[in-house]
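got a predicted structure here, sequence first:
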Amino acid sequence: MSGRRAVCIGGGITGVLAARELALAGWDVVVLEGRHVGAGSSSRTAAGIRQQFSTPETVRGMRYSVDFYQRFTAEVEDGTCPIVQSGYLFLYDAEDSWASALRRVEMQRSCGLSEVEALAGDDLRRRFPWCADTLVGGTFCPTDGFLLPHVVYQEGAKRVTALGGRVLQNAPVTSAAFAGDRIVAVDTPKGSFEADLFLDCTNAWTRRLARVLGAEDLEVDPLKRYLWFLARDGSMDAETLSRMPLCIVPSGMYCRPENADTLLMGGSHATPPEPDFAYDDQDRIEPHYAHDGGVDAHPWTCWAEIAEAIPAVGEFGGMTATTAGYYATTPDHNPFLGYDRQRTNLLRLVGFSGHGAMFGPFTALVARALAEAGQDLPSVEVDGAAVPLDAFRIGRAFDHAEALVL
Ligand SMILES: Cc1cc2nc3c(=O)[nH]c(=O)nc-3n(C[C@H](O)[C@H](O)[C@H](O)COP(=O)(O)OP(=O)(O)OC[C@H]3O[C@@H](n4cnc5c(N)ncnc54)[C@H](O)[C@@H]3O)c2cc1C
């Protein structure tokens, strides 16, 4: 059906992939991006892509995302595959957390993730000889990995245009016109845009956009998250580093190769919400989180915890850089994917607590299904199976938190 108009507000991975999906379904789409495509978290991400989650709906959704990113290669101008499938390895050093991991593996396999492996002690060290003797086990999924995010948002934007849509940059939405509980048009310095459906893809900015649109104030807190880069040295050679999967050590810190000579490290830290952050704040590095902030600075803790699980990383040469961006954290670490309860033609696709890059294709699939339905749905179909949307509903009770949050 043509003649239906949709406006996606925000030009990160979410907005661009949702717009592409609606354009494929015959919608006339416009993406309105406040700065430039990729100006938010999408260009500041560790971009890990995993299907090892703790809730069945997310496992199924992320299986769809991995499959999508492989297929997306056909839409990339120079044929670059946007996903590097070097695997994800969760490491455990205590019997109780290992027992929970084994239960999760069973659940993940029942959702079709047949390739996930549970490797106990010696099996783990045979497969990954750089693992410490103190580890009791690890779960490994070889089809997990990480994204080249710029390939996704840049090529995704080109695809929207090729499908007849428009992508406008330097077009922040600053006001709107309403008819009852519906949005009629949004205003930007590049003009006003009328539509039948509006999609909020602003993630960490969503509370501010909600004020502009008279929409519900969703519990989404912008929390600063840092990444650090470490130079390879010591006993680990370039080939071993470049083939290392993304590893999550028992404390929750993670690392993955950025290239054959550089390790990227990250992990959660207790930063306060910054509801009014400015664009430049995304790259602001607080001294306590700087790689050159001295041995009491947080990245040294991160490095030490990773080295405890992977001793060869302790021999690396030193930290070379820090980058940062914002997570858009919700109380249960699941995003909001659904219609706003105050503005009935506004879809909210926000609140990615650090996994919006991997959610991107699934989010776009949900957006298309809800756009076509004109209302919230109990589930969407993914590869012939119904994936319930309860965990992502606006107004849910936040009583089923995602356990594997990095
Ligand atoms: C350090 C770090 C590590 C991460 N690691 C991972 C990971 O390993 N795996 C993973 O999947 N995810 C990870 N993430 C999270 C992931 O990057 C984000 O969830 C994802 O990029 C969100 O994409 P988005 O398109 O929803 O939001 P964004 O990319 O933030 O895009 C939102 C856009 O909205 C625009 N905007 C805001 N207000 C307006 C307005 N009024 N009008 C128009 N436009 C507006 C902004 O300019 C911005 O471009 C990480 C994030 C960080 C910061």
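On my side now, so go ahead.

could you pull out the helices for this protein?
13-24, 56-72, 95-110, 121-127, 149-162, 206-213, 238-242, 298-309, 356-373 (DSSP state H).

deepest-packed of those, please.
Among the helices of the chain, helix 13-24 has the highest mean neighbour count (mean count of other C-beta atoms under 10 Å), at a mean of 28. Heads up, the C-betas are built off the backbone N, CA and C, glycines and all.

report the rounded mean pLDDT for it.
Averaging pLDDT along helix 13-24 gives 98.

try stretch 61-73
Here the average pLDDT along stretch 61-73 is 95.

report whether that stretch contacts the ligand.
No. Judged by C-beta under 6 Å from any ligand atom, stretch 61-73 and the ligand are separated, with a smallest distance of 8.8 Å.

contacts for that stretch, please.
Here stretch 61-73 makes contact (C-beta atoms under 8 Å, 6 or more residues apart in numbering) with 49-51, 53, 79-83, 85, 111-113, 143-144, 147, 152, 155, 358-362, 365, 382-383, 387.

out of these, which are buried?
For the contacts of stretch 61-73, a burial check counting by 16 or more other C-beta atoms under 10 Å picks out 49-51, 53, 81-83, 85, 111, 113, 143-144, 147, 152, 155, 358-362, 365, 382, 387.

out of these, which are close to the ligand?
residue 358.

up against the ligand, what does the stretch 201-350 of the chain have?
Counting by C-beta under 6 Å from any ligand atom, the stretch 201-350 of the chain sits next to the ligand at 201-205, 209, 225, 227, 266, 325-327.

top of those residues by number of neighbours, please.
Each of these was scored for neighbours by other C-beta atoms under 10 Å, and residue 201 scores highest at 32 neighbours.

hang on, it packs against residue 15?
Yes. Residue 201 is within contact range of residue 15, at 3.4 Å (criterion: C-beta atoms under 8 Å).

need the overlap of contacts for those two.
In the contact map built from C-beta under 8 Å, 6+ apart, the residues linked to both residue 201 and residue 15 are 8-9.

I'd like the helices of the chain laid out as JSON lines, including distance to residue 320.
What follows is the helices of the chain, written out as JSON lines (distance: least, C-beta to C-beta, whole Å):
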{"stretch": "helix 13-24", "distance to residue 320": "26"}
{"stretch": "helix 56-72", "distance to residue 320": "28"}
{"stretch": "helix 95-110", "distance to residue 320": "32"}
{"stretch": "helix 121-127", "distance to residue 320": "29"}
{"stretch": "helix 149-162", "distance to residue 320": "21"}
{"stretch": "helix 206-213", "distance to residue 320": "34"}
{"stretch": "helix 238-242", "distance to residue 320": "14"}
{"stretch": "helix 298-309", "distance to residue 320": "11"}
{"stretch": "helix 356-373", "distance to residue 320": "23"}
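
how about these, which one is nearest residue 350?
Checking the helices of the chain against residue 350 by C-beta to C-beta gives helix 206-213 as the closest, at 4.1 Å.

show me the beta-bridge partners of the residue of the stretch 201-350 of the chain at minimum distance from the ligand.
Residue nearest to the ligand within the stretch 201-350 of the chain: residue 325 (2.9 Å; C-beta to the nearest ligand atom). Note on residue 325: beta-bridge partners residue 225, judged by DSSP bridges.

check contacts around it.
40-41, 43-45, 224-225, 282.

show me which pair in those residues is furthest apart.
So, these by C-beta to C-beta: farthest apart are 43 and 224, at 15.4 Å.

next one: the residue of the stretch 201-350 of the chain closest to the ligand relative to residue 230, how far apart?
19 Å (C-beta to C-beta, to the nearest Å).

do the same with residue 131
Distance from residue 131 to residue 230, counting by C-beta to C-beta: 18 Å.

repeat for residue 155
Going from residue 155 to residue 230 by C-beta to C-beta gives 30 Å.

what of residue 388?
Applying C-beta to C-beta, the value for residue 388 to residue 230 is 40 Å.
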